[in-house]
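> sequence unavailable; structure follows:
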């Protein structure tokens, strides 16, 4: 039986989550229907654009994503500090970008002369909306609803478009984060939809690679892809906010891993492994296993044994999900 979201998401444990949502309809979400030969490829752009634009409204950063034929993957970072920094007006404006709000919020933006009682009531709604704007359930729910409505309208039908629940995995440490991001970015390569990561359409790695080629300082956070969470570099004092790796290290690792998992290539990573693997102390053979089988290898909590133990206690859970695999691959 699936775990309730409150037992899977804890900002005290980690702000990073891998989410997967799958289509239940026989016709593909974004691919070509083999029965009718009708193409739905244009829907991949729908989903990609909505995903990136919605992240500009929520206090949620996109670390990685890949849009496949009948499902999509996204690695999200919940930016709690950003949400807490918003004033009441900004929360209302952001919420109104997505939803209508209510009578109080609509009137406040045009005439803020409220009574004290009205103002206190509005503040209650604002805090509820602030919480929702940094909630992955609300983020994925709104995204899926928008795409389902568009697809149903195009197909001239009604009914369920997505599975009832999206799958989520909490990424508890840097090793889990790096492996999961690579797993997501390499999805099209494993599915034979692209020969190399940088040529895989509708993925974060393609956007990052294209931007890196056009700048003199690809590792500078302000010169990276604007709608994606930046790479801030290896952990150090006064490091800017962002992913705890160097972009160039990550792209080199993704390229090398993508070549290693192709069927016409030997499955290995060169002896002089990239610096990022050395720093994270991940064995090359373990890296290949994780980047090909991340979803099936791990359950809803992913991290080294110590991180897993702490999170299980924090969530008051009795079992340690996929503990043996965490020990083998992430210890």
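Arrived safely, thanks for sending. Model, not experiment: these values are computed from the prediction.
> next, residue 11: secondary structure please.
Following DSSP: H, G, I helix; E, B strand; the rest coil, the label given to residue 11 is coil.
> so who does residue 326 touch?
298, 302-305, 308, 320 (CB atoms under 8 Å, 6 or more residues apart in numbering). No exception for glycine: its C-beta is placed from N, CA and C like everyone else's.
> that one and residue 47, how far apart?
Here the criterion is CB to CB, to the nearest Å. By it, residue 326 lies 31 Å from residue 47.
> quick one: low-confidence residue ranges for this structure.
1-9, 25-34, 237, 262-268, 270-272 (pLDDT under 70).
> quick revisit: of the contacts of residue 326, buried ones?
Neighbour counting by 16 or more other CB atoms under 10 Å classes 298, 302-304, 308, 320 among these as buried.
> name the nearest of those relative to residue 139.
Nearest to residue 139 among these is residue 302, at 19.6 Å by CB to CB.
> who's in contact with the closest one?
Taking CB under 8 Å, 6+ apart as the test, what residue 302 contacts is 18, 169-172, 176, 180, 294, 308, 322, 326, 330.
> again, only this time at 10 Å
Shown in contact with residue 302 (CB atoms under 10 Å, 6 or more residues apart in numbering): 14, 16-18, 169-173, 175-177, 179-180, 290, 294-295, 308, 311, 321-322, 325-326, 329-330.
> repeat for residue 87
Residue 87 neighbours (CB under 10 Å, 6+ apart): 93, 126.
> export the buried ones among the contacts of residue 326 to CSV and tack on distance to residue 251 and secondary structure?
Shown next, in CSV, are these (distance: CB to CB, whole Å; DSSP: H, G, I helix; E, B strand; the rest coil):
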residue, distance to residue 251, secondary structure
298, 24, coil
302, 23, strand
303, 24, coil
304, 25, coil
308, 29, helix
320, 34, coil
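> can you put those residues in TSV and add distance to residue 213?
Shown next, in TSV, are the buried ones among the contacts of residue 326 (distance: CB to CB, whole Å):
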residue	distance to residue 213
298	33
302	32
303	33
304	34
308	38
320	43
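> phi and psi next, for the closest residue to residue 298 other than its chain neighbours.
Spatially, and ignoring its direct neighbours in sequence, residue 298 is nearest to residue 322 (4.9 Å; CB to CB, 6 or more residues apart in numbering). When read as degrees, to the nearest 10, the backbone of residue 322 gives phi 50, psi 40.
> list the contacts of residue 322.
By CB under 10 Å, 6+ apart, the contact set of residue 322 is 296-302, 308, 328-329.
> from those residues, which is closest to residue 93?
Among those, and counting by CB to CB, the member closest to residue 93 is residue 300, at 34.1 Å.
> hmm, the closest one is touching residue 168, no?
Yes - assessed by CB atoms under 10 Å, residue 300 is found in contact with residue 168 at 6.6 Å.
> and the nearest residue to residue 194 once chain neighbours are set aside, how far from residue 70?
Computed as CB to CB, 6+ apart, the closest residue to residue 194 that is not its neighbour in sequence is residue 200, at 3.6 Å. Noted for residue 200: a distance of 16 Å to residue 70, by CB to CB.
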